[in-house]
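> Structure for this input, please:
(2 chains)
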Amino acid sequence: MFFTEQGLYRITTRQNLEQGYPLSIMLCDNRNMLYDRVEATEKANIYEPHYYRHILSDSQPMESKDGAACARTSFVCIRTMLDGSTLLFASGEYQDEVVREDGVLRFRSLTVVLDQSRIDTLIAIPL
Amino acid sequence: METKVRWPEEGVARAPYAVFSDPQVYELEQRKIFRGPTWHFLGLEQQVPDAGSFILAQVGDTPVILVRDEAGEVHGLVNRCAHKGTPLVLAPSGKLPRQRLMCIYHNWMYDLRGNLKSVAFEKGVGGKGGMPADFKKEEHNLDRLRLHRISGLVFGTFSADTPPFEQYIGEEHVANIRRVCGRPLEILGTYSQLLHSNWKLYMENVKDPYHASILHAFNGLMKQDRLTMEGGIKMGTAGWHHISYSRMTVDTGDELYRTAPSLRSAELSAYGEGLRDPSFTDVWDDHGDRVSLAVQTVFPCFVLQQLRNCLALRAVVPKGPRQTELRWIAFGYQDDDERRRALRLKQANMMGPAGLISMEDGMVGALIQRSIEADADKSSVMILGGRGIEPIQGSRASEGSVRGFWTGYRHLTGL
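Sure thing, here's the model as predicted:
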């Protein structure tokens, strides 16, 4: 379990964040929603199969917040379809709040801030 | 150069595949539809709240500035300087620092109504050069659109022949816009998708109730939208527009969706025993009529979506024959309390590029675009619910609304 019980995972865009808009592309605000999203992705949603390849930067520690260690990490995600066509699909920043629970480090929140406000086709698999 | 595409004799029960890729058809559409007697969504009033506020909209291939002037009026101006064609506005939205549009290239300057007010070096330098004596600024104003404002939405048209908006869409369609947007809106956010398919493949998809509980397994299994629900289709003026609506509280579909051999949902038995987090189903009646789903299109490229409490506007922007940009604006109401706002944001999981309901819509067009390339002389077959555009009372088991799109399309293009 990588997230706390009420852990937050969301994907949003830089533009929305800068304009103060709360909209998410994907939003899970507890473990059950994470489970539901993964199950939908695996069993219900239909999309062409593809792979992600993430490249991450070093994590930059930020000031801690309400007992959580915070960090920012840049990422690039390359998406490859089964026919081999490859796209620099997404880039941006992970904004994390991490807490220790029962001796284990878990995400209290993980926000994916995309540089792209225009997404190629869809996002089926969480980034 | 005229297109060689000819429509099959079966009329709107067919769509010839060539219209999804032929470059001459694309040019014809730009002239006859996007510059023709049609209305196009430009933006929300509240996206341009102050004097000098602007957003950049798109009508077909033409970029349009929606801007508010000092007197509080909004204007739709083509984003192109009358001098050499330079765009005047380079960002998708913003606020002009002074109440004018100034071109970066030669500083031709326009007021916020699009009138040319000054050009650099008009009188030359030291009595030499400058504009000729017969130069009249009023002959070089920006191209403008005629606007219509309804419930905080702004539409525009290029053509002097376009009927008034309310006549263009019809009474029931005006009523639904007022139903969903007729109180102060709160924008929750925006994003867009780049789809690898012709814009009309997306419009067909939005207007098609046939696929909704099938392609989107989530709909059928989560009992959000099934063809067995009480509902129907309203076609709007001449059948070009549509509203597909349903009431989820009145559904008899359990047995059908779980057992019919012709439905995929019957095979997904392990899924949909219930969401582990039930907060998705925490819905309320925003409009007081128990209609839980209403998807409305205004020909050619506008969508107003109500999926339970998940509300959004979509603008469909062609980008050449094989690409489309799908722009979304999610909204709620200014009088939403924290709880409703949070639930709308949760329900927004259903829309957009990662939409539990909508993700397939952008993807299926790309699949079709590829598979029809080799047989551009063939056509699709759309005869569910008949061959015409009369709605079937109380039923959505029909492709009539898709045939309605092609009716408007053929009327304007002459194809």
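
> which sections of chain A are below the confidence cut-off?
Along chain A, no part satisfies pLDDT under 70.

> Where do the strands of it begin and end?
Here chain A has its strands, by DSSP state E, at A:3-13, A:26-28, A:50-65, A:68-81, A:86-101, A:104-114, A:118-120.

> now, of these, which is deepest in the fold?
Most buried of the strands of chain A, by mean neighbour count (mean count of other Cβ atoms under 10 Å in any protein chain shown): strand A:26-28, with a mean of 22. C-betas here are computed from N, CA, C, even on glycine.

> can you list the domain ranges for chain B.
Using automatic domain parsing, the domain ranges for chain B come out as B:49-145, B:186-413.

> so how far does the longest one reach from one end to the other?
Translated: domain B:186-413. Using Cα to Cα, to the nearest Å, the end-to-end distance of domain B:186-413 comes to 37 Å.

> do the same with the first one
In domain B:49-145, first residue to last residue: 19 Å (Cα to Cα).

> mean confidence score for it?
For domain B:49-145, the mean per-residue pLDDT is 97.

> Just put the strands of chain A in a markdown table and tack on distance to chain B.
As requested, the strands of chain A are exported to a markdown table (distance: least, Cβ to the nearest Cβ, whole Å):
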| stretch | distance to chain B |
| --- | --- |
| strand A:3-13 | 6 |
| strand A:26-28 | 5 |
| strand A:50-65 | 11 |
| strand A:68-81 | 11 |
| strand A:86-101 | 10 |
| strand A:104-114 | 9 |
| strand A:118-120 | 4 |
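
> and of these, who's closest to residue B:21?
The closest of those to residue B:21 is strand A:118-120. By Cβ to Cβ, the value is 19.8 Å.

> what's the burial count for the closest residue to chain B within chain A?
Per Cβ to the nearest Cβ, residue A:23 is where chain A lies closest to chain B, at 2.4 Å. The number of residues packed near residue A:23 is 26, by other Cβ atoms under 10 Å in any protein chain shown.

> Pull the contacting residues for it.
Applying Cβ atoms under 8 Å, 6 or more residues apart in numbering or on different chains, we find residue A:23 in contact with A:12, A:16, B:188-191, B:330, B:345, B:348.

> Give me the phi and psi angles of it.
phi -60, psi 140 (degrees, to the nearest 10).

> excluding its backbone neighbours, what's nearest it?
Nearest non-adjacent residue to residue A:23, counting by Cβ to Cβ, 6 or more residues apart in numbering or on different chains: residue B:189, 2.4 Å away.

> Okay, and which of the contacts of residue A:23 map to strands?
Those of the contacts of residue A:23 lying in strands (DSSP E): A:12, B:188-191, B:330.

> for residue A:113, what are its contacts?
Counting by Cβ under 8 Å, 6+ apart, residue A:113 has contacts A:12-14, A:17, A:92-95.

> can you redo these as TSV with distance to residue A:65?
Listed next are these as TSV, based on distance: Cβ to Cβ, whole Å:
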residue	distance to residue A:65
A:12	18
A:13	22
A:14	20
A:17	16
A:92	20
A:93	16
A:94	15
A:95	10
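
> got the residues of the stretch 101-250 of chain B near chain A?
B:187-196, B:215, B:217-218, B:221 (Cβ under 8 Å from any Cβ of the partner chain).

> Would you point out the helix or strand in chain B whose mean pLDDT is lowest?
helix B:254-259 (a mean of 67; mean pLDDT, DSSP states H and E).

> which helices and strands does the helix or strand following that helix pack with?
Next along the chain after helix B:254-259, taking DSSP states H and E as the criterion, comes strand B:293-298. Packed against strand B:293-298 by the contact rule (3 or more Cβ pairs under 8 Å, 6 or more residues apart in numbering or on different chains; DSSP states H and E) you find helix B:171-181, helix B:199-206, strand B:242-251, strand B:302-307.

> All set, thanks.
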